[in-house]
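K.L.:
Fold the following.
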Amino acid sequence: MSSRALATVCHIQLYIHDQTAKTHPEGNPLAIIRVPSTSKLTQNQKQAIAAEFNLSETVFLHLTSDDSNQTTSRTIDIFTPNAELPFAGHPTIGTIFYLLKTGGEGSNSNIDTITTKAGPIPISLFGDNKVRAVIPQTFHRHAKTFTSKFTGDVGHPMCSIVKGMTFIYVQLPDLETLGKVDLQTGNVVGDTYASAETMDEGWKVGLVGTMYYVPVNTPGKGEQRHYRTRMIFTREDPGTGSASCGLAAYLAKEVVGGGEGRESFVFEQGVEMGRRNEITVEVEIKGGEVEGVWLSGEAAVVMEGTVQV
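P.N.:
Residues are numbered from 1 along each chain as shown. All right, here's what the predicted structure looks like:
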């Protein structure tokens with residue numbers, strides 16, 4: 001990392017997890033940088049560190065100066081190698097897992113909230129080994145629709161789960177077609193970070209990716225629904241919580257949910273990359289609108305160390 005980009009000298013603790021997976025090397029790698037309350041990293045420094053790791057996302061977890069550990073919230077910043085994000089699902093789950101399951105803040109931590117640029121996220125343990133987040137969603141379907149070379153159809157929707165995190169959702173007919181999705185043409189908008197003109201007024205910010213999905217079961221009302229997915233932006237992402245939340249909200253609101261009640265979804269992503277993820281999303285619809293979104297998953301610790309900046 002360039003000394004011009006990183007002007008201070010300190011050691012910052014690092015953890016790397018495989019997210020939404022039970023074992024390494026499955027899942028989606030995530031770097032969690034523990035930033036002491038006495039350290040002041042600039043925006044440029046954070047971006048340089050994220051670019052150096054070159055993972056889908058890097059989290060900067062800001063520690064508090066409260067030695068009694070009574071502060072129940074933590075603030076995080078989320079960066080791709082190219083830009084800061086207001087929210088992303090797999091970094092959220094990874095951070096929660098670190099805080100509540102791996103002893104990052106003490107195994108009996110009383111932390112119940114993490115705060116992102118998109119807002120506060122209530123967090124909790126979920127089941128035997130998972131963690132859960134209440135997503136600060138502002139679900140919005142944009143007016144513009146898209147064509148995909150894999151279907152020939154016009155009308156694939158574009159939705160934002162929060163402002164700044166937007167995805168085009170393309171349903172494919174079968175898993176064979178899903179396996180043909182390629183990185184070069186997979187993102188139907190082309191440039192992930194220069195697609196603001198495709199969004200509705202008031203939403204023209206952030207990135208746009210394309211998520212492809214195939215239903216793999218046909219459950220009844222209220223039964224858990226399973227899908228295989230792939231998500232392409234500047235690269236293929238093994239596991240994308242934000243895109244999965246948006247897809248679940250779209251499906252529950254407009255396709256399978258009947259405009260009312262709670263639906264549960266499991267998205268299996270990253271299989272074609274050899275990095276399988278399992279992402280669970282629940283969506284509550286009331287009065288035809290998205291009332292709540294819950295994201296859950298698990299992680300495996302890969303390594304820990306320090307970063308000199």
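
K.L.:
just for the stretch 51-200 of the chain, where's the confidence low?
P.N.:
For the stretch 51-200 of the chain, applying pLDDT under 70 flags the ranges 66-70, 103-109.

K.L.:
just so I have it, where are all the helices in it?
P.N.:
Taking DSSP state H, counting those that start in this stretch, the helices of the stretch 51-200 of the chain run over residues 89-100, 175-178, 183-186.

K.L.:
export stretch 195-210 as PDB, just CAs?
P.N.:
Once non-C-alpha atoms are left out, stretch 195-210 reads as follows in PDB (Å, rounded to 0.1, in the frame of the first residue of the first chain):
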ATOM      1  CA  SER A 195     -25.400   3.500 -14.300                       C
ATOM      2  CA  ALA A 196     -27.200   6.400 -12.400                       C
ATOM      3  CA  GLU A 197     -29.100   7.400 -15.600                       C
ATOM      4  CA  THR A 198     -31.000   4.100 -15.500                       C
ATOM      5  CA  MET A 199     -32.500   4.800 -12.000                       C
ATOM      6  CA  ASP A 200     -35.600   6.800 -11.000                       C
ATOM      7  CA  GLU A 201     -35.200  10.400  -9.900                       C
ATOM      8  CA  GLY A 202     -34.000  10.700  -6.300                       C
ATOM      9  CA  TRP A 203     -32.300   7.300  -6.500                       C
ATOM     10  CA  LYS A 204     -29.500   8.100  -8.900                       C
ATOM     11  CA  VAL A 205     -26.600   7.000  -6.700                       C
ATOM     12  CA  GLY A 206     -24.500   3.900  -6.000                       C
ATOM     13  CA  LEU A 207     -23.900   0.700  -7.800                       C
ATOM     14  CA  VAL A 208     -26.000  -1.500 -10.100                       C
ATOM     15  CA  GLY A 209     -25.500  -5.300 -10.400                       C
ATOM     16  CA  THR A 210     -27.400  -8.100 -12.100                       C
END
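
K.L.:
still on that earlier bit, dump the helices of the stretch 51-200 of the chain to CSV, plus distance to S242 and mean neighbour count.
P.N.:
(Each C-beta comes from the backbone N, C-alpha and C, glycine too.) Formatted as CSV, those follow (distance: least, C-beta to C-beta, whole Å; neighbours: other C-beta atoms under 10 Å):
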stretch, distance to S242, mean neighbour count
helix 89-100, 5, 28
helix 175-178, 20, 13
helix 183-186, 17, 13
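
K.L.:
Point out where the stretch 201-309 of the chain drops to low pLDDT.
P.N.:
In the stretch 201-309 of the chain, residues with pLDDT under 70: 257.

K.L.:
quick one, helices of it?
P.N.:
According to DSSP H, counting those that start in this stretch, the stretch 201-309 of the chain carries its helices in the segments 241-250.

K.L.:
Strands of that one, residue ranges please.
P.N.:
207-215, 225-232, 236-237, 261-269, 277-286, 289-297, 299-308 (DSSP state E, counting those that start in this stretch).

K.L.:
Tell me which of these lies nearest to K144.
P.N.:
strand 207-215 (10.5 Å; C-beta to C-beta).
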